[in-house]
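Visitor: how would this look folded up:
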Amino acid sequence: MSGRVSGKVIIVTGAAAGLGAAIAARLAEEGATVVRTDIMGGDGVVRQDVTDEGQWQALIAEVVGTHGRLDGLVNNAGIADGKGPPDPEGALAEDWRRIYTVNVEGVFLGCKHAIPAIAAAGGGAIVNMSSIGALVPTPFLSAYGASKAAVMQFTRSVALHCCEQGHAIRCNSVHPGQVRTPMHDELIARTAAEHGLDAEQAAQAFLSKVPMKKWQEAVDIANGVLFLMSDEARFVTGTSLVVDGGMSLTN
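Guide: Down below sits the predicted model:
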């Protein structure tokens, strides 16, 4: 049976666990050949530091050399916080630089080197993972939110550029809300420690901001990415797909 992305070769970064693993699995279920990368490597996962331009060049060359084409890229790799306090007054400059380097520069480098390869294959799609943090201000995650807002705006620029250049490449961002991934659990644990709460109390504080009153699952985000990577979204570019259970409506 033909899937929604059958025959497409797609790279997914940050795919060893969490959202990236779910996205890669969902695309593969629908027929794509998925190349998974992650800084940690792993079984069937290419070790890649998305901030290293040379590694991007080598990865794209390897994918095209092995599979003959590249049809899509999901820039999912990202980090949420650093070693120091996360608030604007107490944050460390080195944490800001690291978060921006991974979350923004990593996306830029991915687009820079994927666009020529996807264009050479006749076109395709790029999805950049942003966050609800790009739309809803969160003082204790100021660097993360600012970086994800930058990803959203960069996505719009790439989308327009590809249209103007006739590349037939669509570029969109996806904005998850409260998803219980390993990265989100780390944030809950940190919040609990800082406010004297147990883990369940901290988790409920996060969940209380979601009008639908339930946790999203990684597959909810993966389904959104699948749509944007498929030909069903052939006329969708430069948009921000918010998958947050209504959180951005009330916060």
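
Visitor: okay but residue 145 is in contact with residue 151, surely?
Guide: No - in this structure, residue 145 is not within contact of residue 151 by Cβ atoms under 8 Å, at 10.7 Å. In this view, the C-beta of every residue, glycine as well, is placed from N, C-alpha and C.

Visitor: Helices of the protein, residue ranges please.
Guide: 18-29, 53-67, 93-100, 106-120, 142-165, 182-195, 199-207, 218-229, 247-250 (DSSP state H).

Visitor: Indicate which one of those helices is closest to residue 131.
Guide: helix 142-165 (4.1 Å; Cβ to Cβ).

Visitor: So which bits of that closest one are buried?
Guide: 142-152, 154-156, 158-159, 162 (16 or more other Cβ atoms under 10 Å).

Visitor: tell me what that helix is packed against?
Guide: helix 93-100, helix 106-120, strand 124-129, strand 169-176 (3 or more Cβ pairs under 8 Å, 6 or more residues apart in numbering; DSSP states H and E).

Visitor: Least confident of these, on average?
Guide: For the helices and strands packed on helix 142-165, the bottom mean pLDDT is recorded on helix 93-100, which sits at a mean of 93.

Visitor: next one: that one to chain centre, how far?
Guide: Mean C-alpha position of helix 93-100 versus that of the full chain (Cα atoms, centre = their mean, to the nearest Å) differs by 18 Å.

Visitor: pull the CA atoms of the lowest-mean-pLDDT helix or strand in the chain into PDB?
Guide: None of the helices or strands of the chain scores lower by mean pLDDT, DSSP states H and E than helix 182-195, at a mean of 79. The C-alpha coordinates for helix 182-195 follow below in PDB (Å, rounded to 0.1, in the frame of the first residue of the first chain):
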ATOM      1  CA  PRO A 182      12.500  13.600  28.100                       C
ATOM      2  CA  MET A 183      13.500  17.300  27.500                       C
ATOM      3  CA  HIS A 184      10.100  18.500  28.900                       C
ATOM      4  CA  ASP A 185      10.500  16.200  31.900                       C
ATOM      5  CA  GLU A 186      13.800  17.800  32.700                       C
ATOM      6  CA  LEU A 187      12.100  21.200  32.600                       C
ATOM      7  CA  ILE A 188       9.400  19.900  35.000                       C
ATOM      8  CA  ALA A 189      12.100  18.500  37.400                       C
ATOM      9  CA  ARG A 190      14.000  21.800  37.400                       C
ATOM     10  CA  THR A 191      10.800  23.800  38.000                       C
ATOM     11  CA  ALA A 192       9.900  21.500  40.900                       C
ATOM     12  CA  ALA A 193      13.300  22.000  42.500                       C
ATOM     13  CA  GLU A 194      13.300  25.800  42.100                       C
ATOM     14  CA  HIS A 195       9.800  26.200  43.600                       C
END
